[in-house]
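Participant: sharing a model that was predicted from the sequence below.
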Amino acid sequence: FHIKAILAVPVLQRDRLWGLFCVHQCSGGRFWEGSEIQFVSQVAAQLGIALEQADLLAKTQHQSTQLAQAFQELRHAQ
């Protein structure tokens, strides 16, 4: 890729490292400004929140399916 500069920030899911969010520049080296670092950090934080919400949604859907099955079994038993 001929990367000349990279800005990498952690993506956290709760307190666990999920991965890294990286921004590359291939045209030449550069100094990352504070506003750029802050922006990339905020994007990584929002990605971590989205990952957590996706996990919670999947758990909720699984619980909903289990409750529906239990309800059907109860109706069938009656």
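Facilitator: Looks like it came in fine. It should be emphasised that the depicted structure is a prediction, and the values quoted were computed from it without experimental measurement. Residues are numbered from 1 along each chain as shown.

Participant: neighbours around V11, how many?
Facilitator: Residues lying near V11 (other C-beta atoms under 10 Å) number 19. Backbone N, C-alpha and C define where each C-beta goes, glycine included.

Participant: part of a strand, is it?
Facilitator: Yes - assessed with DSSP: H, G, I helix; E, B strand; the rest coil, V11 lies in a strand.

Participant: who's it bridged to?
Facilitator: Note on V11: beta-bridge partners by DSSP bridges are G19.

Participant: quick check, it in contact with W18.
Facilitator: Yes - contact status for V11 versus W18: in contact at 4.8 Å, counting by C-beta atoms under 8 Å.

Participant: okay, and the common contacts of those two?
Facilitator: G48, L51 (C-beta atoms under 8 Å, 6 or more residues apart in numbering).

Participant: any low-confidence regions in this protein?
Facilitator: Along the chain, no part satisfies pLDDT under 70.
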